[in-house]
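**Student:** Structure here, sequence nowhere to be found:
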């Protein structure tokens, strides 16, 4: 079934696998008249790019996007924006040992069962390489939704966790270090820890927080397309994500209503923001914030047991170039998906009233 | 924008507000040939019904569903199943004091801003009363997806939390007590605590866990319609939900890959199940399990400050009949939404191969 | 598959069969703030109602609609509008003779093959009775799209055909006679002819023309959601429709470009209107007009041969109450579907530009 | 609004304008396991290609498609199939005279009004160049739906019209001549006529008939997604189409029911086929056939009056290379769109029963 599209009115459809000639997508529904700075797209691609630091995979992919349509003289025309990114660094031979075997906690097994066979040259469509198209579309969406600002950053790697509320952090500092944590001291600890984990050929999980500012009141639909439900679906569609929580999140479950209610100021803002900027599924103008939990990547540079397609357990040893921790590179992906949701809801909100 | 539908191929569309004459919906896409026991629908409605115990709202709603189409001689015909539930217990006067005022952490304020005005008689469309239609549709979906079994239960109320893995619980015991916790000792504590909270006119949050068993391999689509992304969106669309996590969830973020990977047995099952039954967005045949966090309900039977539509803060006092804690009644709603997601994915999976 | 919805942003979903307890639907996406005169809904239902004249079926159905939600104090609230129409005149026994037999040119045979069985009490979901829900939704849409005006009327019954261009007709006269033809002389001939056909237990086809006035420039999407493509799909979804043509239609195929081009006036209107008010799929502000061809109804009050579900040919004799010609009653259905398309495109057009 | 997709489960999304660097699309939902012969795709592109004969535009476009994903070792993998076609023959200067002027019966005027400005280098997104992507997708769909066979051919050019029923024609002869008419004598007349029209710088319309054979019983959904409604929408989305009729079409409107009904044979086939292979929106296993009317192309190589964007009428003279009659090149486009509809319905039909 057609399932590679995201969004209702502002919609991204993506194609491409980790080992094919190219990936890309179509942004359909972007309104006419959005001024596009292509360098902002490239900048977000750089933030997602492999090989950007010592704590990411050393695979090199320039990840240069080519736009084929929908932008004329630097402005969107209202027609679909098609784009491609060439895969320049395919090394199928890296993966030849896994053709008949299912790696643990990968999608190899389920793909074979679902489709009857699979492109065995790598993760194929299940590879996080697919997210390169999301970052492109998200960078277009960001320019449409401006001045809404989306800032994601790392708050946890393994058990190293920032405990402060985001209001006490200097969010712009996140981009000053390779792990993208806004607290420089914690960032240093996280980087050391990831380096250690990497040395052992192991991987580790983490948590990204995302804050969305300057949101107008009224984005979100009351029932199934609640703003946070769409944000949650967006985040859970990113590879390796295991959880999503917004506002008070799981901690809200332990609270009393008398503590949790956000009382109004006369201007319609609220004194607290346990609601996370969304009430009844609709933005109330306060900051939206949410957390996204990522599991440790399944690909280890260690020995591990696989299942062959003939039902035997065999021992393999991971090789190649992989991320010891995905959260630093996932920061722009979280932002991109959030931007797509916001762009979609801005368009939907135009149709609420006559 | 049309936003009151859920699902791609097996799709529920709902209508109705807390204070209108009736609620209802259309289940579109249910295949022909599903044998329907209507008493199972009514049974789930009873589990969601207000007034079912001392720890729920004392409002009385019989919640009897009437099916208008799509079922002939006890079997689905493949045509849409239309149904209604009358609102028999509307008391608009209960709400007259809030006509010009926005209650804290309710949707009053955002509705007025989004739509220009609102049906001030109650929560309107933002009321959890809407979920009655979801329970009806979920009960139909459960009969379609059988023998897949969906079991939800309460694991946390306030800070009272069950710490055992679900495998160590007798899940069927959850329905033996009014709080729907499978551990009788903990259930008793939760009930006492909710009764206390209720006496003070306060409310409290909680967490529901849901386990899905007998799932075939291959449900879920690789990228945007990942099985867990759709489950997450389903849960986040339920009133008062603040978070969703599946498998290892937020705890997975703290783990190493070497601990988190689920190694295979020769039959394709896995020795552990940190994946939560889903790999790369596709079911692997192991149990699916996830947690859903609910905030404390915003309606308190206490004094509170509201904002008037003229920008003044005023003091009101909550009255009427409200739930001190939603999780006991939300258990069948979580199950219903999970059933809708599974039904949808079973249909989608039919189209994966030629 | 869920296939009982029409429209993208302004969307109608219908349910109900000819012999179930009720039909109805949900209008999802109607913006807040539309003032609704329910008597206009009832008036269109009267125009579609069986038993309204000597040339329609004598079946009596009061066809009273009940709205359950989405309208508060006479104004739409932005939430879904649920409605039902009771079936008060079910006589299953009229149809008992066809339980095991497939009538010619009916959907009996294909339903059995598609779904494995069918509700044999009548046309079931394939009955034109389903269009009662469309007329309700169309009447709501008409009030939203005002001052756009939609006028449908009969231009052909059998080989009796009005040859004048619609500009030479007094369109409002169509509602003065029971066949809904704006030319009184032709109307009389058509009525006599239908009466004759009816006496023989036979049926006859016809053509409806529809003119849409006061259309703003810019409705329609360039490629797959061209305004006329959506109008065509809408019309072809009506029972018994065999063809759709707009503007110059099939006659345009015989023309030269130098005759067919519509030259501009300085105000942006055009001197001719072979385009039918749509260029490149987008309205240009001129009248939209199109023709819809209806076949003769398959149900005859004569002897005919059926196929049994055991592969035998048997002779039956039609009985019951059926329309000798559907076009008079189809006029409000054509208008309703056109109104739904226009409402949808007005909403879509709100998102074309930033 | 996202409006550049076609199909529900087997879905094509296209991008690209006549004067951008490339066009292309994504085929999303094609099941895994379809063996793909890429030369069949190229063959259909050749049939659509400009410059293929003396009666088409002399513009040269090699129209070579590149597939980027979704096909592995000659078989579809179930993942989206992304493809591009480079625009190698852009000559923007040909169009510079129309930057500030709206050509008659083109989309220039409505685009400017709808989007606030337009890519003035040519038809942009409204150009029939977009259909190159449809032909690619249709050629993939044809391979999926095999042995269903789709044969389109020209039956009318101007007032030259083939009157025989298609059963009396040798359909495969259509590809033996450049106008694609299966009757060699008529083909010759049509070719001469088009050549004459071309000499005058004029254009002429025409009609394509399409026959679909080997269709299984049960494709199509009862109400809004009737098989013929989707075919109609598909055809009406093709540039220059003004009308669609299937089975008895507009002639059926003049018939009596006693003549129009298709009586069964014992094997479930019918003695006649006025129904056009579809009853109640669902295929009955007989041939599906329909006609598509095309207007004469608006671009003339003659003098004509345009409207400037300042509201003045000015005289221009058409230049460049244009088709005097689109129907010969539209034959593979009609087939492609029909193939997409059939592919979609085959997938939908998989979900009708449990």
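**Tutor:** That came through, no problem. Just so it is clear, the structure is predicted and the values come from calculations on it, not from any experiment.
**Student:** Flag the shaky bits of chain A, pLDDT-wise.
**Tutor:** A:89-97 (pLDDT under 70).
**Student:** need the helices for it, in chain order.
**Tutor:** Using DSSP state H, the helices of chain A run over residues A:38-48, A:108-115, A:131-145, A:184-199, A:227-236, A:249-252, A:257-260, A:327-349.
**Student:** Report whether the second one contacts chain D.
**Tutor:** Read it as helix A:108-115. Yes - using C-beta under 8 Å from any C-beta of the partner chain, we find that helix A:108-115 touches chain D at A:114, A:115. (C-beta placed from N, C-alpha, C; glycine too.)
**Student:** what angle sits between that helix and helix B:227-236?
**Tutor:** Angle, helix A:108-115 to helix B:227-236, by axes from the mean of the first three to the mean of the last three C-alpha atoms, to 10 degrees: 90 degrees.
**Student:** Are there helices or strands packed against helix A:108-115, and which ones?
**Tutor:** Counting contacts by 3 or more C-beta pairs under 8 Å, 6 or more residues apart in numbering or on different chains; DSSP states H and E, helix A:108-115 is packed against strand A:101-102, strand B:282-283.
**Student:** how about 7 Å then?
**Tutor:** With contacts defined as 3 or more C-beta pairs under 7 Å, 6 or more residues apart in numbering or on different chains; DSSP states H and E, helix A:108-115 has no helix or strand neighbours.
**Student:** Quick one: residues in contact with that helix.
**Tutor:** Applying C-beta atoms under 7 Å, 6 or more residues apart in numbering or on different chains, the set of residues contacting helix A:108-115 from outside is A:98, A:102, A:118, A:126, A:307, A:309, B:217-218, B:268, B:279-280, B:282, B:284, B:352-353, D:32, D:77-78.
**Student:** Can you give me the neighbour number for residue A:53?
**Tutor:** 16 (other C-beta atoms under 10 Å in any protein chain shown).
**Student:** My error: substitute residue A:172 in the last question.
**Tutor:** For residue A:172, using other C-beta under 10 Å, the count is 10.
**Student:** what's the distance between it and residue A:153?
**Tutor:** According to C-beta to C-beta, to the nearest Å, residue A:172 and residue A:153 sit 9 Å apart.
**Student:** what's near enough to touch the closest residue to chain C within the stretch 1-150 of chain A?
**Tutor:** Using C-beta to the nearest C-beta, the single residue of the stretch 1-150 of chain A nearest to chain C is residue A:33, 4.4 Å away. Each residue near residue A:33 by C-beta under 7 Å, 6+ apart is listed here: A:75, A:76, C:353, C:354, D:116.
**Student:** which of those tops the neighbour count?
**Tutor:** residue A:76 (23 neighbours).
**Student:** With adjacent residues omitted, what lies nearest to that one?
**Tutor:** Using C-beta to C-beta, 6 or more residues apart in numbering or on different chains and skipping the chain neighbours, the partner closest in space to residue A:76 is residue A:34 (4.3 Å).
**Student:** burial measure for residue A:171, as a count.
**Tutor:** 16.
**Student:** what are the bridge partners for the closest residue to it other than its chain neighbours, then?
**Tutor:** Nearest non-adjacent residue to residue A:171, counting by C-beta to C-beta, 6+ apart: residue A:151, 4.8 Å away. According to DSSP bridges, the residues that bridge with residue A:151 are residue A:211.
**Student:** Does residue A:151 touch residue A:208 like I think?
**Tutor:** No - taking contacts as C-beta atoms under 7 Å, residue A:151 lies outside contact range of residue A:208: 10.7 Å.
**Student:** Which one's more surrounded, these two?
**Tutor:** Neighbour comparison, residue A:151 and residue A:208: the larger count goes to residue A:208, with 28 against 22 (by other C-beta under 10 Å).
**Student:** I'd say that one and residue A:327 touch.
**Tutor:** Yes - using C-beta under 7 Å, residue A:208 is in contact with residue A:327, at 5.6 Å.
**Student:** okay, and the common contacts of those two?
**Tutor:** Joint contacts of residue A:208 and residue A:327 (C-beta under 7 Å, 6+ apart) are residue A:154.
**Student:** quick one: contacts for the residue lying farthest from the centre of chain A?
**Tutor:** Distance from the C-alpha centroid of chain A peaks at residue A:266, with 36.4 Å (C-alpha atoms, centre = their mean). Contacts for residue A:266 (C-beta under 7 Å, 6+ apart) come out as B:311, B:312, B:313.
**Student:** Report how many residues lie close to the last one.
**Tutor:** By that I understand residue B:313. Count around residue B:313 with other C-beta under 10 Å applied: 13.
**Student:** can you pull up the bridge partners for it?
**Tutor:** Under the criterion used (DSSP bridges), residue B:313 bridges to residue B:307.
**Student:** I'd like to check which residues are in contact with the closest residue to chain B within the stretch 101-250 of chain A.
**Tutor:** Distance from chain B to each residue of the stretch 101-250 of chain A (C-beta to the nearest C-beta) is smallest for residue A:107, at 2.7 Å. Shown in contact with residue A:107 (C-beta under 7 Å, 6+ apart): A:123, A:126, B:279, B:280, B:282.
**Student:** which of the residues you listed lies closest to residue D:26?
**Tutor:** residue A:126 (17.7 Å; C-beta to C-beta).
**Student:** what's the burial count for that closest one?
**Tutor:** Number of residues near residue A:126 (other C-beta under 10 Å) recorded here: 26.
**Student:** tell me the contacts of residue A:302?
**Tutor:** Contacts of residue A:302 (C-beta under 7 Å, 6+ apart): A:201, A:202, A:318, B:258.
**Student:** switch the cut-off to 8 Å
**Tutor:** Going by C-beta atoms under 8 Å, 6 or more residues apart in numbering or on different chains, residue A:302 touches A:200, A:201, A:202, A:317, A:318, B:258.
**Student:** Any of those residues buried? List them.
**Tutor:** Buried members of the contacts of residue A:302, scored by 16 or more other C-beta atoms under 10 Å in any protein chain shown, are A:201, A:202, A:318, B:258.
**Student:** near chain C, from these?
**Tutor:** Okay, of the buried ones among the contacts of residue A:302, nothing touches chain C (C-beta under 8 Å from any C-beta).
**Student:** returning to that earlier point: okay if I get the contacts of residue A:302 as TSV plus distance to chain D?
**Tutor:** Below are the contacts of residue A:302 laid out as TSV (distance: C-beta to the nearest C-beta, whole Å):
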residue	distance to chain D
A:200	34
A:201	30
A:202	30
A:317	26
A:318	23
B:258	30
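**Student:** Can you flag which of those residues belong to strands?
**Tutor:** The strands, defined by DSSP state E, take in residue A:317 from the contacts of residue A:302.
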